[in-house]
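Asks: Dropping a prediction and its sequence here:
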Amino acid sequence: MKFGQTFKLPDRQSGSTLIISLIILILLMLLGVTAMNASDTQYKLAGNLQFEQAALNNAEASIGVAERLLETNAATAPSASAVSALPDPLTMSSPGYMIGYVSTQASPGAGVGLDCTDPSNEKNFDCVNTYLVTARGEGGRGATKFIQTYYAVPLK
């Protein structure tokens with residue numbers, strides 16, 4: 001080409017470059033949208049795990065409150081006749097707990113043959129009341145955790 005000469009385009013242009021570049025652009029856009037959705041899902045999963053951990057912590061705190069209540073009221077702790085029908089754990093408010101009497105029995109170190117129901121027994125300190133404590137904890141986004149423990153309170 002010489003200086004001053006113009007370049008003449010061919011008469012027939014197919015436009016295939018435009019179509020191919022549009023297809024590549026659409027593919028890149030779909031890839032970006034998919035990556036955003038995946039990162040959003042991972043963000044929600046991490047948040048849900050935090051809410052579940054908070055619910056578990058609340059349930060453990062309720063268990064601690066119930067156990068302290070049993071310890072402070074060991075002499076007047078409820079027996080089998082004092083426990084009424086237990087409420088449904090699914091309807092407990094959070095933080096909440098239920099205490100259910102299980103049994104009165106000899107502690108593991110008391111030996112064999114100890115009768116805890118005999119009032120003349122001089123070793124009543126070797127007997128324990130056993131309770132089933134159920135606690136419910138709630139976190140965000142509807143996360144709920146339940147914990148059950150058996151707790152023994154020495155008779156005094």
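Replies: Done, it's in. Quantities reported herein were computed from a predicted structural model and do not represent experimental measurements. Numbers count the residues shown, from 1 in each chain.
Asks: drop to CA atoms for contacts and neighbour counts, all remaining ones
Replies: Noted.
Asks: Report the contact partners of F7.
Replies: Listed by Cα atoms under 8 Å, 6 or more residues apart in numbering, F7 has no contact partners.
Asks: Now do the phi/psi pair for it.
Replies: F7 adopts backbone torsions of phi -90, psi 130, taken as degrees, to the nearest 10.
Asks: Could you measure from it over to T72?
Replies: 99 Å (Cα to Cα, to the nearest Å).
Asks: what does Q50 give?
Replies: 33 Å.
Asks: Can you work out which other helices and strands pack against the helix or strand bottoming out on mean pLDDT in the chain?
Replies: The least trusted helix or strand in the chain, going by mean pLDDT, DSSP states H and E, turns out to be strand 96-106, with a mean of 81. In terms of contacts (3 or more Cα pairs under 8 Å, 6 or more residues apart in numbering; DSSP states H and E), strand 96-106 is packed against helix 16-72, strand 127-138.
Asks: Give me whichever of the ones you listed is most buried.
Replies: strand 127-138 (a mean of 23; mean count of other Cα atoms under 10 Å).
Asks: Adjacent strands (with direction) for the very next helix or strand once past that one?
Replies: Toward the C-terminus, strand 127-138 is succeeded by strand 144-154 as the next helix or strand (DSSP states H and E). As defined by DSSP bridges, the strand partners of strand 144-154 come to strand 127-138 (antiparallel).
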